[in-house]
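Have a look; sequence and predicted model below, questions after that.
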Amino acid sequence: WRQFCRWPLAAAPMERSDYLPTARLHELAAQVDPKIRLEADAEQVLQDVADDFVENVAAFACQLATHRGSRTLEPKDVQLALEKLWDMRLPGVGDSSAEVRLIQRRPQGPTDAYKQRMMLVRKSQARTQ
């Protein structure tokens, strides 16, 4: 987990299977259904999604570490990145630190457009009654 927060995206071209190799992808698919076959295009899409996910979380976690004034990426940075980007909490990641807290999203109220539509619906209902 601990490494300098320099994400070398342009340093070296990576293979598309760095994060989710084809063999591991087939193992995961077999766990769901042992008879399933994956087309090459489906494999590529899943590998692309996995690569994008890892790259986005890692890059944002590095930004968070830099923002808090550190050059070291810590589990709490990754956890916060997962919570903010994907609303995802991983049990056991960063739980031992007293600094890690649950991130609560502000409750979303109805939008103005929704309120206007509901007002029009109520007016329409009042006319028909």
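Done, it's in. Residues are numbered from 1 along each chain as shown.

just for the protein, where's the confidence low?
Within the chain, the set of residues satisfying pLDDT under 70 comprises 1-17, 93-107.

Measure how far the longest helix seen in it is from the centre of its chain, please.
When the chain is scanned for its longest helix (criterion: DSSP state H), the result is helix 40-67. If you compare the mean C-alpha spot of helix 40-67 with that of the full chain, they lie 8 Å apart, counting by CA atoms, centre = their mean, to the nearest Å.

Which elements pack onto the following helix or strand past that helix?
Proceeding C-terminally, helix 40-67 gives way to helix 75-86 as the next helix or strand, assigned by DSSP states H and E. Taking 3 or more CB pairs under 8 Å, 6 or more residues apart in numbering; DSSP states H and E as contact, the helices and strands that helix 75-86 lies on are helix 40-67. In short, each C-beta sits where N, CA and C put it, glycine included.

buried set for the helix it packs on?
By neighbour count with 16 or more other CB atoms under 10 Å, helix 40-67 contains the buried residues 43, 46, 47, 50, 51, 57, 58, 60, 61, 62, 64, 65.

Chain neighbours aside, what residue packs nearest to the residue nearest the centre of the chain?
For the chain, the residue lying nearest the average C-alpha position, counting by CA atoms, centre = their mean, turns out to be residue 86 (3.4 Å). In space, not counting the residues next to it along the chain, residue 86 is nearest to residue 57; the distance is 7.7 Å by CB to CB, 6 or more residues apart in numbering.
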